[in-house]
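1. kindly generate the corresponding structure for this input.
(one chain, ligands or ions: 1)
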Amino acid sequence: MRRGLTWFMVWLALFSMSSASIGCSKGTNSDAQADPSTNDQATPGSETESTESYVPVEVESNWYAVTYVEPKTYVIREPQSSQGNVSYLILGDKRAVMFDTGSGENFPVNGSKMTHIIDQITDLPVTLLLSHFHFDHNQNLGEFDHVAFIELQYLVDGTSEDGVYTFSQNEILEGDYPQSVEIDEWWPEGADIDLGGRSIQVVGIPGHTDESAMIVDHANKLMFMGDYLYNGELFVFGEHNLSVYEQTLDGLIANYDSSYALYGAHGYPVVPHTDLQDLKGLLECISTGACVPKKTSFWGYEVHVFFFNGMTLCLFI
Ligand SMILES: [Zn+2]
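-> You can find the predicted model right below:
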């Protein structure tokens, strides 16, 4: 637990340092920015529209701030969370996908910390997909009875015959929850997942963690990127993952032009597409040695903080 508390405090410390000299913040993750529901991005969703027009639901909550993005997508923020989490509920006509489960820092409502929000929005069957396994995205896992994993071979290999995956301490990073999960579906990378009138794909984007996955809605040009890219300081654990991060980034730049809208899992939801190029610059600056980090340590963990063109990356050595 002591180690867990330490990680939590490191996380908190880094997230709260936006104005401290160490930096470690991109400084663009304010909840005071424009409401994403008013975002006027192009939403060429006509090709997947159902015949009936959809009326967005207004959600009541004293914890979550829920806004709407066309088509049928709910942005579920936690402004009061220490993590500034953002989760996404993506609806089709026949089923829905919940992308992450929230921070778990709120008090339950009728025994639920998250599903009572979903229940206000839809009666569709909901499948949970985690953007990755870190503690700040999985804390309400137990409220979901249908879970999908990205079909990465090492995850398949690590799953028992009866479909149970046991998380490692490294994977959840902080605390000891959840210990395991029963997997109902494996979603192959790049395969179309039919939600009914809407199709999404899951794509592996390793770098922040090995299992990091994003959801792409090609028809509507939406990308939900988890902790790979969001408005705020990015975290890389271990120097070897810098090259993994960059390899993923090269694929993103090559495959997703500026017609795609990017959404992150912390801070202000909409991420400027130009951040992909800025991140490329940052990673190149690190790899060439041109970027000299500010070095600090938190309770024994050495952290190198790199800055480039408005972006910040915290490398845990
Ligand atoms: Zn996170």
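2. which residue packs closest to the residue in the stretch 201-317 of the chain that the ion sits nearest to, ignoring adjacent ones?
-> The stretch 201-317 of the chain approaches the ion most closely through residue 227 (4.3 Å), counting by Cβ to the ion. Glycine gets a C-beta too; all of them are placed from N, C-alpha and C. Leaving aside its chain neighbours, residue 227 sits nearest to residue 208 (4.6 Å; criterion: Cβ to Cβ, 6 or more residues apart in numbering).
3. so what's the residue of the stretch 201-317 of the chain closest to the ion up against?
-> Counting by Cβ atoms under 8 Å, 6 or more residues apart in numbering, residue 227 touches 131, 132, 134, 137, 208, 209, 212, 234, 235, 264, 265, 266.
4. tell me the spacing between the residue nearest to residue 227 and residue 194.
-> Distance from residue 208 to residue 194, counting by Cβ to Cβ, to the nearest Å: 28 Å.
5. counting neighbours, what do you get for residue 169?
-> 12 (other Cβ atoms under 10 Å).
6. pLDDT score assigned to it?
-> The model reports residue 169 with a pLDDT of 91.
7. what parts of the stretch 151-300 of the chain come near the ion?
-> Where the stretch 151-300 of the chain comes near the ion, counting by Cβ under 5 Å from the ion, the residues are residue 227.
8. endpoint to endpoint, stretch 225-235 covers what distance?
-> Distance across stretch 225-235, first residue to last, is 14 Å (Cα to Cα, to the nearest Å).
9. for the residue lying closest to residue 58 once chain neighbours are set aside, phi and psi?
-> Using Cβ to Cβ, 6+ apart and skipping residues adjacent in sequence, the residue nearest residue 58 is residue 66, 7.9 Å away. Dihedral pair for residue 66: phi -110, psi 120, per degrees, to the nearest 10.
10. returning to what we had before: what about the residue of the stretch 201-317 of the chain closest to the ion, distance to residue 279?
-> From residue 227 to residue 279 the distance is 13 Å (Cβ to Cβ).
11. anything in contact with each of the two?
-> Common contacts of residue 227 and residue 279 (Cβ under 8 Å, 6+ apart): residue 234.
12. that older thread, the residue nearest to residue 227 sits in which helix or strand?
-> Using DSSP states H and E, residue 208 sits in no helix or strand.
13. please apply the same query to residue 285.
-> helix 274-287.
14. tell me the mean pLDDT over the top strand by length along the chain?
-> Identified as the longest strand of the chain according to DSSP state E is strand 301-308. Averaging pLDDT along strand 301-308 gives 94.
15. same question for stretch 225-245.
-> Here the average pLDDT along stretch 225-245 is 96.
16. can you pull out the helices in the stretch 1-150 of the chain?
-> 2-15, 115-121, 135-138 (DSSP state H, counting those that start in this stretch).
17. so what are the sheet partners of the helix or strand harbouring residue 295 and their directions?
-> Using DSSP H and E, residue 295 maps to strand 294-298. Its sheet considered, strand 294-298 pairs with strand 301-308 (antiparallel) by DSSP bridges.
18. I'd like the next helix or strand past the partner strand.
-> strand 311-316.
19. distance from that next one to the middle of the chain?
-> 17 Å (Cα atoms, centre = their mean, to the nearest Å).
20. regarding this structure, what is its longest helix?
-> Across the chain, the helix with the greatest residue count (assigned by DSSP state H) is helix 240-255.
21. may I see the buried residues of that one?
-> 241, 242, 244, 245, 246, 248, 249, 252 (16 or more other Cβ atoms under 10 Å).
22. one step back: phi, psi for the residue of the stretch 201-317 of the chain closest to the ion please.
-> Residue torsions, per degrees, to the nearest 10, at residue 227 are phi -100, psi 10.
23. ok, it to residue 152 distance?
-> Distance from residue 227 to residue 152, counting by Cβ to Cβ: 17 Å.
24. again with residue 158
-> Taking Cβ to Cβ, one finds residue 158 at 9 Å from residue 152.
25. looking at the two, which has the bigger crowd around it?
-> Using other Cβ under 10 Å, the more surrounded residue of residue 158 and residue 152 is residue 152, with 17 against 14.
26. residue contacts, that one?
-> For residue 152, the contacting residues are 189, 204, 210, 211, by Cβ under 8 Å, 6+ apart.
27. by neighbour count, which of the residues you listed wins?
-> residue 211 leads the contacts of residue 152 on contacts (other Cβ under 10 Å) with 20 neighbours.
28. chain center to stretch 133-151: distance?
-> 12 Å.
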